[in-house]
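J.: kindly return the folded structure for what I paste below:
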Amino acid sequence: MKWNIPNILTVLRIALIPLFVGILYLPKSSFDVFGFPSRWVNLTAAMIFAVAGFTDWLDGWWARKYHQTSNFGAFLDPVADKLMVAAALIVLVEFGRVGAAVALIIIGREIAISALREWMAGTGDRGSVAVAQIGKWKTAAQMVAIELLLYWDNIGAFDTRFYGRILIVIAAILTLVSMAYYLKAAWPQISRAD
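T.: Predicted structure coming up:
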């Protein structure tokens with residue numbers, strides 16, 4: 001593995017996953033020991049998830065700007081993203097903040113599209129399933145929704161639970177639309193497969 005800034009940021013993102021998940025499982029009273037209100041458990045987990053999400057943007061920007069792309073980074077970056085989202089969704093399902101069907105749609109799509117991209121790379125036609133605008137919208141809706149659902153406390157009159165649940169359903173719908181888009185783009189190769 002080549003240790004450059006983008007790869008270090010990606011490894012950091014993976015390391016943050018057990019941290020934000022573990023914090024959510026801390027007893028609420030453990031924060032009271034430090035004089036913090038119990039809602040700080042959610043706030044801390046949401047902030048760590050936000051930092052992890054920021055490293056996703058930063059490592060890509062850095063790699064492009066400073067020409068530090070690598071094959072290892074191209075492999076590890078999407079793995080880190082999918083682990084982060086899957087871990088958050090599984091925890092949110094367990095806490096009753098996200099429905100299992102929504103989590104299955106999002107996680108299932110990530111697995112299916114990753115497999116499709118891997119297969120397409122093997123056929124030499126990975127470019128036909130490159131990230132599309134619909135995938136970017138899905139990711140944006142999904143990340144904001146997860147942030148709101150991790151935080152789970154109102155921000156003044158802003159109901160994070162309501163808007164988080166609306167956004168995660170929108171993300172699930174965009175997930176299905178984007179999956180159909182990628183499958184359509186790959187269909188010529190799929191139809192010619194052995």
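J.: run through the neighbouring helices and strands of the helix or strand hosting Thr44.
T.: Assigning secondary structure by DSSP states H and E places Thr44 in helix 40-65. Counting contacts by 3 or more CB pairs under 8 Å, 6 or more residues apart in numbering; DSSP states H and E, helix 40-65 packs against helix 5-24, helix 28-32, helix 71-94, helix 133-151. To be clear about C-beta, it is placed using only N, CA and C from the backbone, and glycine gets the same treatment.
J.: buried ones in it, by neighbour count?
T.: By neighbour count on 16 or more other CB atoms under 10 Å, the buried set for helix 40-65 is 40-50, 52-53, 55-56, 58-60, 62-63.
J.: re the thing from before, which of the helices and strands packed on helix 40-65 has the lowest mean pLDDT?
T.: Note on the helices and strands packed on helix 40-65: lowest mean pLDDT is at helix 28-32, with a mean of 62.
J.: gap between the residue nearest to Leu16 when sequence neighbours are not counted and Leu176?
T.: Spatial nearest neighbour of Leu16, chain neighbours left out: Ala52 (4.3 Å); criterion: CB to CB, 6 or more residues apart in numbering. Separation of Ala52 from Leu176 (CB to CB, to the nearest Å) stands at 25 Å.
J.: most tightly surrounded among the helices and strands packed on helix 40-65?
T.: Sort the helices and strands packed on helix 40-65 by mean neighbour count, taking mean count of other CB atoms under 10 Å, and helix 133-151 sits at the top with a mean of 20.
J.: now for the next helix-or-strand element following that one, which elements pack on it?
T.: Heading C-terminal from helix 133-151, the first helix or strand you meet, by DSSP H and E, is helix 160-192. The contact analysis (3+ CB pairs under 8 Å, 6+ apart) places helix 160-192 against helix 100-122, helix 133-151.
J.: count of neighbours near the closest residue to Val169 other than its chain neighbours?
T.: Counting by CB to CB, 6+ apart, Val102 is the residue found nearest to Val169 once chain neighbours are left out, at 6.4 Å. Residues lying near Val102 (other CB atoms under 10 Å) number 20.
J.: please apply the same query to the one 5 residues further on.
T.: Burial measure for Ile107: 17 neighbouring residues, criterion other CB under 10 Å.
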